[in-house]
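Asks: Generate a structure from the sequence data that follows.
(one chain, ligands or ions: 1)
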Amino acid sequence: MSRVAPNPDNLVTVDLEAIAANLAALRALLRPGMGVAGVVKADAYGHGLVPVARRLKAEGAEALAVALVSEGVLLRRAGVQGPILVLMGLGPEQAQLAVAHGLSPFLGVWEDFQALSQTAGALGAVASCHLKIDTGMSRLGAAPNEALGLMERAAALPGIRVEGLASHLATSGVPGDVQAQKQAAIFRDLLAEARKRGFALPQSSLAGSGGVLAPPEAAHGQPGLARLGISLYGGLPDPASQGAAPLRGAMRFTSRLAAVRRIPAGTGVSYGHTWRAPSDTWLGVVAAGYSDGYPRSASNQARVLIQGRPASMRGRICMNAFMVDLTGFDPLPSPGEEVVLLGRSGSQEITADQLGHWAGTISYEITCSLGAANRRRHRP
Ligand SMILES: *Cc1c(COP(=O)(O)O)cnc(C)c1O
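Replies: So this is what the prediction gives:
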């Protein structure tokens, strides 16, 4: 990593206790016999790969899931044990790394099963993997009509163990969603047939956060794993799953006021003067911008919290700063005062979903960006 030091005014605080509480709240929604694979790809959605993984394991998560073999290797080097699913499967030449570190890739093509089997043979190991099926995401995985044939052939290969069928919902988190229902039905039927043919597939998985917060009917009655990502961090896969579980935001992002200034009525603010003061206005200059992972598309939309009170953004977000309206604050905040851009302040909270909404994006992208760009501290 060769990047200049992040702005010391800005800090991401990750509340590991919130993640543990979210895991417990989500578990309460799972059918008996279901386990959790905590999804910690993309540096745990910006919350920190190793600290989050360790906490999830300490809280009893049955498995972890990453996108890349390289992320799985980092977890093993940190001493993390137990199943680690690799959702994006094997890149070229990665079978060796995956087998040597005991990772479980999601595979959807015959050549990848062969490569894993050969590598496992060469290393004298037994490699576990999952058969990925494309039930409607159109991303990765075998076609449903090829899945059982591939299952039979893969299971016959030496040195590998297929631990589960896996698929991913394209639409989820909306109760009663018809597309999710269709995908779940395809998955249920394939899994039932595979189990009838004698494959136990104990780690089979379909649901992500959306599939747990708003389960498609056809997903009932199948033991396996739920692959939980955003909901562990307190975000929602879709606004329609609001209220399905009591989730707590795990990330807080704070900055400071770099300056406080008064501008007369009619003055334009920031690039392009997209906001003009209708009357004399107190402005606070916040020392964070889009280079700190704060989304520029939230310009003129977002609010921040200062002294537990909301302040509205004025004008465009710059690379390292943006302006907020302090008119009516009494006492007037001073330069150096803490500004909460994400998370709680007093009785108020800005959630990652809310900030994502202001920015025209999703909570996932918000926490990934903020976590990647800033100093980060973990609260146990
Ligand atoms: C990212 C991902 C998940 C987790 O999704 P959330 O909506 O964050 O819970 C689950 N499965 C796969 C295949 C993924 O890529």
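Asks: Spell out which residues of the stretch 201-350 of the chain are next to the ligand.
Replies: Selection of the stretch 201-350 of the chain residues close to the ligand by C-beta under 6 Å from any ligand atom yields 208-210, 227-231, 237. For glycine as for every other residue, the C-beta is placed from the backbone atoms N, C-alpha and C.
Asks: Kindly list the longest helix within the protein.
Replies: Looking across the chain with DSSP state H, the single longest helix is helix 178-196.
Asks: Which strands or helices does that one pack on?
Replies: helix 144-156, strand 160-166, helix 209-213 (3 or more C-beta pairs under 8 Å, 6 or more residues apart in numbering; DSSP states H and E).
Asks: If we use 6 Å, what do you get?
Replies: Under the contact definition 3 or more C-beta pairs under 6 Å, 6 or more residues apart in numbering; DSSP states H and E, helix 178-196 sits against helix 144-156.
Asks: low-confidence ranges in the stretch 1-150 of the chain?
Replies: In the predicted model, the stretch 1-150 of the chain carries pLDDT under 70 at residues 1-3.
Asks: in it, which spans are strands?
Replies: Assigned by DSSP state E, counting those that start in this stretch, the strands in the stretch 1-150 of the chain fall at 11-15, 35-39, 63-66, 84-86, 104-107, 127-132.
Asks: Can you tell me which of those is nearest to Ala302?
Replies: Of all the strands of the stretch 1-150 of the chain, strand 11-15 sits nearest to Ala302, with 16.7 Å by C-beta to C-beta.
Asks: ok, residues contacting that closest one?
Replies: Applying C-beta atoms under 6 Å, 6 or more residues apart in numbering, the contact partners of strand 11-15 are 47-48, 250-254, 370-371, 374-379.
Asks: export the longest helix of the chain as CSV, just CAs?
Replies: Provided in CSV are the C-alpha atoms of helix 178-196 (Å, rounded to 0.1, in the frame of the first residue of the first chain):
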residue,chain,number,x,y,z
VAL,A,178,-41.7,-12.9,-7.5
GLN,A,179,-38.2,-13.1,-9.1
ALA,A,180,-36.6,-14.2,-5.8
GLN,A,181,-39.4,-16.7,-5.4
LYS,A,182,-38.6,-18.2,-8.8
GLN,A,183,-34.9,-18.4,-8.1
ALA,A,184,-35.5,-20.0,-4.7
ALA,A,185,-37.8,-22.6,-6.3
ILE,A,186,-35.2,-23.6,-8.8
PHE,A,187,-32.6,-23.9,-6.1
ARG,A,188,-34.9,-25.8,-3.8
ASP,A,189,-35.7,-28.4,-6.5
LEU,A,190,-32.0,-28.9,-7.5
LEU,A,191,-30.9,-29.3,-3.9
ALA,A,192,-33.7,-31.7,-3.2
GLU,A,193,-32.8,-33.8,-6.2
ALA,A,194,-29.1,-33.7,-5.4
ARG,A,195,-29.8,-34.8,-1.8
LYS,A,196,-32.0,-37.6,-3.1
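Asks: got a list of what the residue in the chain that the ligand sits nearest to touches?
Replies: Proximity of the chain to the ligand (C-beta to the nearest ligand atom) peaks at Gly229, 2.4 Å away. Contacts for Gly229 (C-beta under 6 Å, 6+ apart) come out as 39, 209.
Asks: Can you list the low-confidence ranges for the stretch 151-300 of the chain?
Replies: 220-222.
Asks: which residues in it form strands?
Replies: For the stretch 151-300 of the chain, the strands defined by DSSP E, counting those that start in this stretch cover 160-166, 225-228, 251-263, 268-269, 275-276, 281-286.
Asks: TSV please, covering the ones you listed and showing distance to Val39 and mean neighbour count.
Replies: Output for those, formatted as TSV (distance: least, C-beta to C-beta, whole Å; neighbours: other C-beta atoms under 10 Å):
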stretch	distance to Val39	mean neighbour count
strand 160-166	12	24
strand 225-228	5	26
strand 251-263	15	19
strand 268-269	40	18
strand 275-276	39	17
strand 281-286	31	22
